[in-house]
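1. here is the input, now give the coordinates:
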Amino acid sequence: METEARDPSVSQTFQDQKKVRNAEIVVPPNRLKTKVGTGGLDDAVLSKAQELLENNTIDFKPMALMLVDVLHEAIADAKSGATKGEEAIKAMLYPAMQLKAQGTMFHYPLISQIGEILVNFLETVPDVDKDVMDIVVHHKFAINAVLGSQIKGDGGKLGRELRDALLDACMRYYKRQKN
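-> From the prediction side, this is the model:
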């Protein structure tokens, strides 16, 4: 199975930032697997699964738009003060993580890349302020633009420019925080 190449500029942008929270998924113990035991999967099964992923025709757009709506609500709640601090960040992290995890699987790797930038950013911000909210909103706009234009693949030059602009916004935020 081919793994997705990580954009080195994403790693470089966030490498010097201290994580305030970790947006990892915790997997509980699998009792059934413990009872059955361990072992590998047959290569034919793995090949079939890879083929299904590559040829899947599920329309991701409605699912992605639903996640963007969840992000929009989280943004609105944070701006209105209905949620604050850690609760507000967690509410924004959930849809960002889902978009990051699912975009590539449904042929929208640019959505995954934008989601990755947003997740990395939200992991490193100490609290919600106007600048953080502006950056989150721009990630939401970028995802909507990709979905609206149905940009599948990495988006080529436009995709690189979009990612770079989002990373630059994050870097400007970090520089302002140091001053």
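2. among the helices and strands of the protein, which one scores worst on average pLDDT?
-> When the helices and strands of the chain are compared on mean pLDDT, DSSP states H and E, helix 31-36 comes out lowest with a mean of 67.
3. list the contacts for the residue at minimal distance from the centre of the chain?
-> Nearest residue to the geometric centre of the chain (C-alpha atoms, centre = their mean): residue 115, 2.3 Å. Taking C-beta atoms under 8 Å, 6 or more residues apart in numbering as the contact definition, residue 115 lies against 96, 97, 98, 99, 100, 101, 103, 143. Where C-beta positions appear, they are placed from N, C-alpha and C, glycine not excepted.
4. and residue 170, by the same measure?
-> Contacts of residue 170 were listed using C-beta under 8 Å, 6+ apart, and they are 13, 14, 117, 120, 121, 135.
5. can you tell me the average pLDDT over the host helix or strand of it?
-> Take DSSP states H and E as the rule and residue 170 turns out to sit in helix 156-178. Within the predicted structure, the mean pLDDT of helix 156-178 is 94.
6. same check on stretch 101-111?
-> Across stretch 101-111, the average pLDDT comes to 92.
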